[in-house]
Every structure is written in structure tokens, then in C-alpha cells.
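**Q** next comes the sequence, and after it the predicted model I'd like to discuss.
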Amino acid sequence: MTAAAMTLMMDETIARRGEDIHVADRDIAIRSAAGDAVAFRELYARHRQSVYAVISRMIMGDADREELLQDIFMQVYLSLGNFRGDSKLSTWIHRIAVNVTLQHIRRKGRRVHLQLREETAAEASAVDAPASASPEDEASLRDRKVAVERALSALSPKKRIVLVLSDFEGRSSQEISEIVGASSLTVRTRLFYARKEFYRAISKEAAFDDLSLKEVSG
Amino acid sequence: MTRCLSERELYSASDARLAARRREHLVACPSCTARLDRLTALRTAALDASAPSQPDWERVEARILRSIRAAQAPRPAVRWSFAPVALSAAAALLVVLAIAVGKLPTTEETLPALTARAETIAPTAAIARMPLEAAVSEQFGLGAPPRGVRLLEEDRMSSGAGGVARISVGDDIAVDELGPAGLSVASLDEWRPTIRLDSGAFRISVSEGAVPQELVVLAAHEEFTVYSGTIEVVLVDGALEIRAANGRARVELGGEMRELASGAGLRRDLGDGIAIAGSWSPLPIDWNDAATVGMQNLNLDRPTGSLPKQVVREVMRSNAEKMRTCYETALKRYPGLEPLPLTAKLRVGINGRVVRTSLSGVEALPELKRCLVGVLEDMRFPSPTGGEVDLIAPLRLTPLD
């Protein structure tokens, strides 16, 4: 078998696997919408981590993250009857997550500003430092977390969401465009400005001194 | 060696999306490589530092299931069972029936933000825009177009049909689409310094619930932000009007929150023309609270016709030589003349003659302005379809090497 033929076969395999996932997505959506708790639990287990990662970064410093996660999956359940499989289930769920999160931010009547205060012991311990990390490393990580929180909360929600989805969640601009409902070129533009603001902001933070970005802007 | 990477290119490189020819520079340039390394390190550090702590997944799941049961209780059509339900036609039918009888909320009910966008940002834009800049630049061999907001493409010349408008700010391209519903304004606020709106009528409607909840539109260095409600923004020759369209609206103007009653509005006279650009001085006219405008009082005087894009381009090209002559004459008199970014606005009458002209950016050179305006006024277009049409032509006059 030639290399080209093998490549073709591999591509087909990948395509089929993608198709399978798509079918599985629809399957799980239909079963969940029909009242299958096991299916819905599976849906929740598959997507909770990435949804929580997004909302945690969107509303860092906000204690309502678990409630928001709950609201999002409740909304997902209520809307499952409308999932037609046009997009990936993950994209569709994230679209809901983004909208519910933005509504949450709006409801709060403010951007989720960083609360400039001493962290409580509980919050400080929430920083996942490696078990082997020294107290200095843990302190450094905490400082960086606060700096990231400050820089993220300074971004407008729509810039923040594209930055989070792109740089923290690794999603492509095409996926982000489906999630936020903007053209991918608009997404790329927002992302550029978001990155410009965000990385410049954290590079000025003492916590990132050893990684200064002073020359990034050329 | 070629120029170093721009910030945008640096981000592209960190996404592994840098163009091949620029990658060659990156590999050969220690400075750019160091900048990329720092950016990569910063991204990684930010990612690590923001890693969320884990919630109690089971507790959240239990709460979700409880909420679902509670929400489901009055809905006999969809029962929540804890036994797996096989994918079957019956299950699918159950879903369909549930929707048909309104037992499950529709997307429109539960996710207004997802569906509002297309219908809420709906200008009845009657401004004709066209890709003249590129065409004229090409014709003149003038190189890069001027910095500023420009509409680069449009498939239509007036309201009615759909089209796509691409808008850019210098090198930072941003895009909004002028779809069938009108202009999407998702990120105008990011282009604040160089937004340029033209004369004629321009209307934007924004409703609460649209994805870009905060719309910022700028006029002569003013900005306003829509916080709630539906507003209409109308830019007419010489005036900008903001009106609460359906019910009350909350708008922030100049840092002050205003409550607008339904139908009430604010008007600002902008003087002669409303070209809005970073380099223009603010107009010393305050917002006038007392001016309440209603739809019936608006004399939009907006053209309704259209001209094919290609036809407009050809007419502009056929007159490019005359404009060049104007410029060369000015160059002889002022050898050190700086490149001139200009904006020409034309209204083409029903007979194809230019009935209104304005040219901005050349105020300091009245002779050149007269010459160029003469060329613009003498242009002859085919008769537009459906009435008069407005055209905007960004021009850049630069000495040829």
C-alpha cells in the first residue's frame, strides 16, 4: 500500500470517528431530552470540566461559579429539544454557557471586577500548586493568579470570552465564532485586542517580572 | 533582513499560524525569537495561574437533577426516569411532541441572546458605500490606503438587498457584516479613535438581549453606550439623533446615564457634514435634552437608489487621470506636499449627474479642493435604479516616486 493510500485511509478513519462522535452527541442529546437521566449525567460528565473552566475564568473572584454551572446545565437541559446537531454538542453547550455567563455578569450590573483585597485562606488554598511546590512557589502562583484575575476582569466581557476560549481553552477562531455568534474575522480582531490588553497588563505585574513582555510589542 | 514581527504577527506565531515567509524572518531574528519565547512563557504562566480549582461535581450534579425534577413536575409529556431510555423513534417523537405542545421551552424563550442578534441590529442604512479606495489606490499606484476606518466592500448601494461590508482600521482589520438585517456593530467600540460615519442617513437599532449588549457608537468624539432598551440612532446631514424606539431605554452619554422615555430622544447638531474621524476637532455643541424627536418628524432625506459597484468603480477610474492632474498641479506649487488622505462624498441624482459633493481632508489647499471638486461634479454615472444614491470614495493622493 502506498503512503498516499495509507494517509487517505487514516483520514477516512478520522472522519468516521468524527462522524461517530457527532452521532453520539445527537444520541445523548435526544436521550437526555427524552428524560434519560443516565444520558444527561453522561452529558454533564463529558462537558462539565470545560464549561467550568470557561466560567471560572470569566468570573474569577466570583463565588457564584458552582451556581452558574448549575444554571448552565439546567439551561442545557431545557434547550436540548432544540439541539439539531448542526454544530458539535460541545459548541452548542458552550454557546449556552457563554450566554448564561454573560447574563450573569449583566445581572450583577457590573463587569466582574477584581476584588482588590487580601485573599481568604480558603481562596488561597484554592490555587492548585503542585504538591511538591515550596511555600515560595505557592506564593508566587497565588500572586500570579491575582494578577491574571485583575487583567481578565479589566477586559470587556466580549473580549474576555474570546481570550478565554482561545488562549485558555485552545479553541479555534471558527469554533469561537460559532459559540459567540460573530464572524471569525471579528473574533480574531477581538482576540487581538484582548491579547494586547491582557498580556501587556500581566507583563506589568510584579508577579510576572521574570517573564517580562516588555519587548513583545516590538 | 526583513522587518521584525509586528505584535499581531507575534500572536500568530504563538498560535503556529505565522505565514511561511515571516517564519523565515523569525528563525533568523534573535530579537523576534526572544519576544516569542517571552510571550509563550507568559501564556503558559497565565494558563497555569488561572487553573480553576475543582468544584464538588457530584454536589452540583445532584442540584442540577433536583432542579430538573422540579422544573419537570408539571410536564407530564416528559418524564424524568432514572432508567436508560434507548434511542428510538418513540423517544424522538416524544421530544417533537413536547415542543409542539410547548412543554419544553424553545430556544427563543430560553436563550434570547442567541436569537436576538439578527433582528435587533437592523439599520435601514441608505448610505451607499463601495470599495473605491482599493480601486482608486490601484489606479493611482498610491500604495497603502490611508489609515482609518474604511468600508472596503459592499454588494449593494442602498438599503434593501443584503450585502457584506468589511471595515478596517489601518492594519488592524475588523469586520462587521452588513447582512440582510443590516449592519452588525459588535465591536465598534474597539475602533473608537477612527470611526468615520458619512453624511446621509444611517440608522442602527439595538435591542437588549443582543449578544453585544453594550453598543458604542461614536459621533464627533462623543460616544454613547446603550445599557438597556431599544434605541435608534439616526445620522442625518448635520445632526445625530438617538431615540428610544420601543419603550424606555437607558443610554450613557458623556459619562452620564440618561433615561429616555419611549419615543423621546436626543439630538445633536453636528454642523456641516458628519465625517467623524480621530483627527477632527470636537464640535462645541452640547446634547440638547429638550429636543424630542419622533419618527414622523424625521426628514431623513435619504437616497433610495442603487448603482452597480462595478459601474461606480469604472466611472471613478475614468476620472482618475483628471484627479491626478489636479494633484500634480498642487505638487508643483507645494513640492513638499504630504500625502493626502481624502474622503469624497457624492450624491448621484436620478439622471446620473452628481447633485451634491463634499470633499474632506483638503481644507488647507483650496485650489486643489476646487479642482478635485470640479472633477467630482463633472462625473457622469448611469441613472441609478430606484432614486438617488450616495457614494463615499476614500482617496489617497501621494507623490509618485
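**A** Great, that's in hand.
**Q** next secondary structure after the helix or strand containing residue A:161?
**A** When elements are assigned from DSSP states H and E, residue A:161 belongs to helix A:157-163. Scanning forward in sequence from helix A:157-163 by DSSP H and E, the next helix or strand is helix A:173-180.
**Q** residues contacting the residue nearest the centre of chain A?
**A** The centroid of chain A falls nearest to residue A:54 when counting by C-alpha atoms, centre = their mean (2.7 Å). Residue A:54 sits next to A:94, A:97, A:98, A:101, A:161, A:164, A:165, A:168, A:169 when contact means C-beta atoms under 8 Å, 6 or more residues apart in numbering or on different chains. For every residue, glycine as well, the C-beta is placed using N, CA and C.
**Q** show me the strands in chain A, by range?
**A** Assigned by DSSP state E, chain A shows no strands.
**Q** for residue B:377, state which of the contacts of residue A:54 is nearest.
**A** Distance to residue B:377 across the contacts of residue A:54 (C-beta to C-beta) is lowest for residue A:161, with 49.0 Å.
**Q** domain ranges for chain B, per the record?
**A** B:7-49, B:72-104, B:118-126+B:158-297 (automatic domain parsing).
**Q** so how many other residues sit close to the nearest residue to residue B:56 once chain neighbours are set aside?
**A** Closest residue to residue B:56 apart from its sequence neighbours, by C-beta to C-beta, 6 or more residues apart in numbering or on different chains: residue A:66 at 7.6 Å. Counted with other C-beta atoms under 10 Å in any protein chain shown, the neighbours of residue A:66 add up to 16.
**Q** flag every buried residue along stretch B:366-376.
**A** Neighbour counts over stretch B:366-376 (16 or more other C-beta atoms under 10 Å in any protein chain shown) mark B:368, B:369, B:371, B:372, B:373, B:375, B:376 as buried.
**Q** make that stretch B:376-396, sorry
**A** B:376, B:379, B:381, B:384, B:387-396.
**Q** of the residues you listed, closest to residue A:152?
**A** residue B:394 (36.9 Å).
**Q** just checking, residue A:175 touches residue A:95?
**A** No: assessed by C-beta atoms under 8 Å, residue A:175 is found out of contact with residue A:95, at 10.2 Å.
**Q** is it possible to get TSV of the buried residues of stretch B:366-376 that adds pLDDT and distance to chain A?
**A** Output for the buried residues of stretch B:366-376, formatted as TSV (pLDDT from 0 to 100; distance: C-beta to the nearest C-beta, whole Å):
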residue	pLDDT	distance to chain A
B:368	83	35
B:369	83	34
B:371	88	38
B:372	87	33
B:373	87	35
B:375	89	35
B:376	89	32
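**Q** and those as JSON lines, adding secondary structure and distance to residue A:205?
**A** Listed next are these as JSON lines, based on DSSP: H, G, I helix; E, B strand; the rest coil; distance: C-beta to C-beta, whole Å:
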{"residue": "B:368", "secondary structure": "helix", "distance to residue A:205": "51"}
{"residue": "B:369", "secondary structure": "helix", "distance to residue A:205": "51"}
{"residue": "B:371", "secondary structure": "helix", "distance to residue A:205": "56"}
{"residue": "B:372", "secondary structure": "helix", "distance to residue A:205": "52"}
{"residue": "B:373", "secondary structure": "helix", "distance to residue A:205": "54"}
{"residue": "B:375", "secondary structure": "helix", "distance to residue A:205": "56"}
{"residue": "B:376", "secondary structure": "helix", "distance to residue A:205": "53"}
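**Q** what about chain B, any weak spots by pLDDT?
**A** B:1, B:70-247, B:249, B:251-257, B:263, B:266-305, B:338-341, B:386, B:394, B:396-401 (pLDDT under 70).
**Q** check chain A too.
**A** In chain A (pLDDT under 70), the answer is A:1-23, A:61-62, A:107-135, A:211-218.
**Q** if you count neighbours, what's buried in stretch A:159-172?
**A** Buried, per 16+ other C-beta under 10 Å, within stretch A:159-172: A:159, A:160, A:161, A:162, A:163, A:164, A:165, A:166, A:167, A:168, A:169, A:171.
**Q** brain fart, stretch A:39-57
**A** A:39-40, A:42-44, A:46-48, A:50-57.
**Q** domain ranges for chain A, per the record?
**A** According to automatic domain parsing, the domains of chain A span A:9-112, A:117-218.
**Q** let's have the ones you listed in a markdown table, adding distance to residue B:355.
**A** Putting the domains of chain A into a markdown table (distance: least, C-beta to C-beta, whole Å) gives the following:
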| stretch | distance to residue B:355 |
| --- | --- |
| domain A:9-112 | 46 |
| domain A:117-218 | 36 |
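**Q** give the full set of residues in contact with residue B:333.
**A** residue B:367.
**Q** look up how far chain A lies from it.
**A** 39 Å (C-beta to the nearest C-beta, to the nearest Å).
**Q** can you map out the helices along the stretch 301-401 of chain B?
**A** B:309-318, B:320-333, B:366-378 (DSSP state H, counting those that start in this stretch).
**Q** adding distance to residue A:28, write the ones you listed out as JSON lines.
**A** As requested, the helices of the stretch 301-401 of chain B are exported to JSON lines (distance: least, C-beta to C-beta, whole Å):
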{"stretch": "helix B:309-318", "distance to residue A:28": "48"}
{"stretch": "helix B:320-333", "distance to residue A:28": "61"}
{"stretch": "helix B:366-378", "distance to residue A:28": "63"}
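**Q** which one of those lies closest to residue A:150?
**A** Closest among the helices of the stretch 301-401 of chain B, using C-beta to C-beta: helix B:309-318, at 47.6 Å.
**Q** buried sites along that closest one?
**A** So for helix B:309-318, counting by 16+ other C-beta under 10 Å, buried means B:309, B:312, B:313, B:315, B:316.
**Q** any idea how far the third one is from residue A:42?
**A** The one in question is residue B:313. As judged by C-beta to C-beta, to the nearest Å, residue B:313 and residue A:42 stand 57 Å apart.
**Q** go on, the first one?
**A** Relative to residue A:42, residue B:309 is positioned 52 Å away (C-beta to C-beta).
**Q** which parts of the stretch 301-401 of chain B sit against chain A?
**A** The stretch 301-401 of chain B comes close to chain A at no residue, as judged by C-beta under 8 Å from any C-beta of the partner chain.
**Q** follow-up on the earlier one: which residues does the residue nearest to residue B:56 contact?
**A** Contacts of residue A:66 by C-beta under 8 Å, 6+ apart are B:55, B:56, B:59, B:60.
**Q** from residue A:53, how far off is it?
**A** For residue A:66 relative to residue A:53 (C-beta to C-beta), the value is 14 Å.
**Q** with residue B:363 instead?
**A** 54 Å.
**Q** before we move on, what about residue A:170?
**A** Residue A:170 is 10 Å from residue A:53, by C-beta to C-beta.
**Q** intersection of neighbour lists for these two?
**A** Joint contacts of residue A:170 and residue A:53 (C-beta under 8 Å, 6+ apart) do not exist.
**Q** residue A:52 contacts residue B:55, doesn't it?
**A** Yes: Residue A:52 is within contact range of residue B:55, at 6.4 Å (criterion: C-beta under 8 Å).
**Q** find residues that contact each of the two.
**A** A:65, A:69.
**Q** cool, thanks, signing off.
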